[in-house]
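[1] please find the sequence and the predicted model below.
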Amino acid sequence: MTHSPGIYPNIRSKDYHADPALGSTSLKTLASRTPAHWKWEREHPVHKDIYDLGTVTHSLILEGDDSGVQVIDVPDKRGNKWTIPAAEAVNAGKIPLKTEEWELVKAMRDSVMSHPVARKLFTDHRAEESVFWEEDGQMLKCRPDAWKTDRLVDLKTAVTADPRDFSKNGFKLGYYQSAAHYQDGVLAATGEKLPFTFVNVEKSPPYLVSIVEYDEEALHLGRQMNSHAKDVYRRCIETGEYPGYQHAELITLPIWAIYQAEEILGIPRDIEVTY
């Protein structure tokens, strides 16, 4: 199903993802990987247990809703003790979780909601409203986790919530592109450019929380990467081709590897140290 430009408060997650409009994940794949990767992943969606954990965490923190969860008290997910009740839960439209997983979700919820700033960001917000807009003939979409009157908020669960690690991991995962894309979508739909804030919570005790925002330089780079992704997609549509890696390239070693090899070989470097 395709949606016309606008803001949709009550679209189910699976219907949002089924719409062919380009979302943040597609733009990140097209910009940093290849069209071949994008086409394969679009045609062969993969479901992972970690996705279910994230869905439940979002539902509990963003909406206070645990109605979509079926907790199964088993030590692991092997054998009929898991597969049979899990299948029954899925058939009933619920997400099955082990008791241990459910306790983890509640612990992350408690940590986020006990953080004075994070609690305010996830209070009196509009949760997971879907936005569709058109840009140069291409339909785009985004689905902010939380929409406040003065900002957009994204919830991330992570191994570490350390802001120093977020800077590195956020680049690798394209979060700077996501932030720019969501800002632009809401701007297109409302005429208002809102700040974009990430709330990160760790998936292990003590479930620490951090709150970060990208500076304008990072957001500008994210928009450039998104524009590149849209150009790549347009070429694919025009040609009907979704190429992989294109060229034979001359490569070199990273500078740290060169230094390490030279040290092993005893090759002196022309570095003068003075005191």
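    Looks like it came in fine. No experiment lies behind these values; they were computed from the predicted model shown. Numbering: from 1, shown residues only.
[2] for the rest of this, base every contact and every neighbour count on C-alpha atoms.
    OK.
[3] confirm that Thr123 sits in a helix.
    No. Under DSSP: H, G, I helix; E, B strand; the rest coil, Thr123 falls outside any helix and is assigned coil.
[4] so how far is Gly54 from it?
    Between Thr123 and Gly54 the computed distance is 19 Å (CA to CA, to the nearest Å).
[5] and for Ile11?
    For Ile11, the distance to Gly54 equals 18 Å [CA to CA].
[6] ranges for the helices of the protein?
    In the chain, the helices defined using DSSP state H lie at 13-18, 24-32, 35-43, 49-63, 80-91, 99-114, 116-121, 163-172, 175-190, 216-239, 255-265.
[7] tell me the average confidence for the last one?
    pLDDT averaged over helix 255-265 equals 92, rounded to a whole number.
[8] the second one too?
    Over the span of helix 24-32, the pLDDT mean works out to 97.
[9] output it as PDB, restricted to C-alpha atoms.
    Taking Å, rounded to 0.1, in the frame of the first residue of the first chain, the C-alpha atoms of helix 24-32 are listed here in PDB:
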ATOM      1  CA  SER A  24      16.000   6.200   6.500                       C
ATOM      2  CA  THR A  25      17.300   2.700   6.400                       C
ATOM      3  CA  SER A  26      17.000   2.600   2.600                       C
ATOM      4  CA  LEU A  27      18.900   5.900   2.200                       C
ATOM      5  CA  LYS A  28      21.700   4.600   4.500                       C
ATOM      6  CA  THR A  29      22.100   1.400   2.500                       C
ATOM      7  CA  LEU A  30      22.100   3.200  -0.900                       C
ATOM      8  CA  ALA A  31      24.600   5.800   0.300                       C
ATOM      9  CA  SER A  32      27.100   3.600   2.200                       C
END
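[10] which parts of it are buried?
    Ser24, Thr25, Ser26, Leu27, Lys28, Thr29, Leu30, Ala31 (16 or more other CA atoms under 10 Å).
[11] check the fifth one too.
    For helix 80-91, the buried set under the neighbour-count rule, 16+ other CA under 10 Å, comprises Trp82, Ala86, Ala89.
[12] same check, this time on the fourth one
    Within helix 49-63, the residues that qualify as buried by neighbour count (16+ other CA under 10 Å) are Leu53, Val56, Thr57, His58, Ser59, Leu60, Ile61, Leu62, Glu63.
[13] which among these gets closest to Leu152?
    Within the buried residues of helix 49-63, proximity to Leu152 (CA to CA) peaks at Leu62, which comes in at 12.6 Å.
[14] point out where the chain drops to low pLDDT.
    270-275 (pLDDT under 70).
[15] 80 instead?
    Along the chain, the model assigns pLDDT under 80 to residues 1, 47-50, 246-248, 269-275.
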